[in-house]
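In: heads up, no residue letters with this:
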Ligand SMILES: NC(=O)c1ccc[n+]([C@@H]2O[C@H](COP(=O)([O-])OP(=O)(O)OC[C@H]3O[C@@H](n4cnc5c(N)ncnc54)[C@H](O)[C@@H]3O)[C@@H](O)[C@H]2O)c1
């Protein structure tokens, strides 16, 4: 299949490109940014802005995709700083992508929604088909994008499908989401031996390791249409507390100091999100199942971050004691939901490296 990825230079796109190539797809990319130096050979990179209709149409004409994976967006924390830019990129950008698909004959659009689309006050785990009343511009634009895509499906027969991603964790620098504190426990834990998280220690949100998130996108795109009764799907993997993640890092980096100093603005954003998602609908309709839990993700991700940073792993020995400022054991009330007993994950191409 020929796939056009919008926002291909971001945290998700950087790892998605090699996965799609390894599955035999042809890949084109549309991003505001120029092609990163590490872009794999054979990728058609188109520099352009999704808020400009003609640039989206030109990219679709130039690449002639069978499917568009629409990733370009302004994420939650950045979206609260520049809400009307977030509105333009996430709303108008999505409309132009859908419209280009309709007018130019692209059959499928894959949409990347988020836990931030739900809003506060819902019972956990939050179901697939609940009323969504987000309180951030990011959430507002993502619910609207979901509904607009469903409108295109109903009115014009577009094969629109999407997932609601949890906070995503990978070795690529994140692009302005509010789940970034998790990524930086790993990055700064390795590089600096210390990290001050901008959330409370008991903060609990749904999280997912990038290989699971990428597999979800590709599996959903490839799922037989006749099996799908829904178009938007919750997907879930784990919901560890912030101090449980810190403890998992501390067990593997002797002496690391991870502390918590909540920033009220960003804490309010994560407090408006669900703590856990119910992904039974995705499991039933296209066989979704997470493969990575906190412990396995931590082993894998620390190895990648160390390799990228040129930092050697500590010598093997008894499990390191957590440093002051971390909690080794989950505190009472923790709601971790490990994806245990999963089959060995397929190898996923290593991250392309930090982009900023
Ligand atoms: N990363 C997460 O934790 C997470 C969680 C939930 C949902 N998502 C969704 O997944 C998708 C990908 O997220 P990501 O983490 O890779 O984001 P990111 O911020 O890392 O990357 C976004 C990319 O979009 C590009 N972009 C921004 N404005 C653009 C424009 N006007 N025209 C063209 N390109 C533009 C940026 O240059 C960047 O390369 C987004 O739709 C996001 O909402 C991500």
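Out: Cool, got the structure. Just so it is clear, the structure is predicted and the values come from calculations on it, not from any experiment.
In: Just want the phi and psi numbers for the residue nearest the centre of the chain.
Out: Centroid-nearest residue in the chain: residue 168, 3.9 Å away (criterion: Cα atoms, centre = their mean). Here is the backbone geometry of residue 168 (degrees, to the nearest 10): phi -100, psi 140.
In: Kindly state the beta-bridge partners for it.
Out: Beta-bridge pairing for residue 168 (DSSP bridges): residue 208.
In: May I see the buried residues of the longest helix seen in the chain?
Out: In the chain, taking DSSP state H as the definition, the longest helix is helix 137-156. By neighbour count, with 16 or more other Cβ atoms under 10 Å as the criterion, the buried positions of helix 137-156 are 137-146, 148-150, 152-153. C-betas here are computed from N, CA, C, even on glycine.
In: now do stretch 190-203
Out: Within stretch 190-203, the residues scored as buried using 16+ other Cβ under 10 Å are 190-191, 195, 197-201, 203.
In: So which bits of this structure are right by the ligand?
Out: When proximity is defined by Cβ under 6 Å from any ligand atom, the chain lies next to the ligand at 7, 9-13, 31-33, 49-51, 71-73, 75, 89, 93, 112, 114, 165, 167-168, 174-177, 179.
In: Buried members of those residues into ChimeraX, please.
Out: Filtering those down to the buried ones (16+ other Cβ under 10 Å) takes a single ChimeraX command:
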select :7,9,10,11,12,13,31,49,50,51,71,72,73,75,89,93,112,114,165,167,168,174,175,176,177,179
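In: Mind checking which of the residues of the chain next to the ligand land in strands?
Out: Members of the residues of the chain next to the ligand lying in strands (criterion: DSSP state E): 31, 112, 114, 165, 167-168.
In: how about those residues in TSV, adding pLDDT?
Out: Formatted as TSV, these follow (pLDDT from 0 to 100):
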residue	pLDDT
31	98
112	98
114	98
165	98
167	96
168	97
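In: what two of these have the greatest distance between them?
Out: Greatest spatial distance among those (Cβ to Cβ): 31 and 167, at 21.8 Å.
In: Only the buried residues of stretch 94-101, if you could.
Out: 94-101.
In: Hmm, I typed the wrong one, I wanted stretch 117-126.
Out: Buried residues in stretch 117-126, counting neighbours by 16+ other Cβ under 10 Å, are found at 117-119, 122, 125-126.
In: Just give me the neighbour total for residue 225.
Out: 9 (other Cβ atoms under 10 Å).
In: contacting residues around it?
Out: By Cβ atoms under 8 Å, 6 or more residues apart in numbering, residue 225 lies in contact with residue 159.
In: quick one: buried residues of stretch 238-254?
Out: By 16+ other Cβ under 10 Å, the buried positions in stretch 238-254 come out as 238-253.
In: Between which two of those is the distance greatest?
Out: So, the buried residues of stretch 238-254 by Cβ to Cβ: farthest apart are 239 and 253, at 22.8 Å.
In: counting contacts, what elements does the helix or strand where residue 21 lies pack onto?
Out: Here residue 21, judged by DSSP states H and E, is contained in helix 11-22. Contacts defined by 3 or more Cβ pairs under 8 Å, 6 or more residues apart in numbering; DSSP states H and E place helix 11-22 against strand 2-6, strand 26-31, helix 210-222.
In: please redo it, this time with the cut-off set to 6 Å
Out: Packing partners of helix 11-22 (3 or more Cβ pairs under 6 Å, 6 or more residues apart in numbering; DSSP states H and E): strand 26-31, helix 210-222.
In: Quick check: buried residues in it?
Out: By neighbour count on 16+ other Cβ under 10 Å, the buried set for helix 11-22 is 11-21.
In: Could you dump those into CSV with pLDDT added?
Out: Formatted as CSV, the buried residues of helix 11-22 follow (pLDDT from 0 to 100):
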residue, pLDDT
11, 95
12, 97
13, 98
14, 97
15, 97
16, 98
17, 98
18, 97
19, 96
20, 97
21, 97
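In: Columns distance to residue 292 on top of these, output as a markdown table?
Out: Shown next, in a markdown table, are the buried residues of helix 11-22 (distance: Cβ to Cβ, whole Å):
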| residue | distance to residue 292 |
| --- | --- |
| 11 | 16 |
| 12 | 15 |
| 13 | 20 |
| 14 | 18 |
| 15 | 13 |
| 16 | 16 |
| 17 | 20 |
| 18 | 18 |
| 19 | 15 |
| 20 | 19 |
| 21 | 22 |
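In: wait, which of those is closest to residue 58?
Out: Nearest to residue 58 among those: residue 13, at 19.1 Å, using Cβ to Cβ.
In: which residues sit in contact with residue 179?
Out: residue 167 (Cβ atoms under 6 Å, 6 or more residues apart in numbering).
In: Can you give me the pLDDT of residue 93?
Out: Note on residue 93: pLDDT of 98.
In: which one is it nearest to, not counting chain neighbours?
Out: Spatially, and ignoring its direct neighbours in sequence, residue 93 is nearest to residue 50 (3.3 Å; Cβ to Cβ, 6 or more residues apart in numbering).
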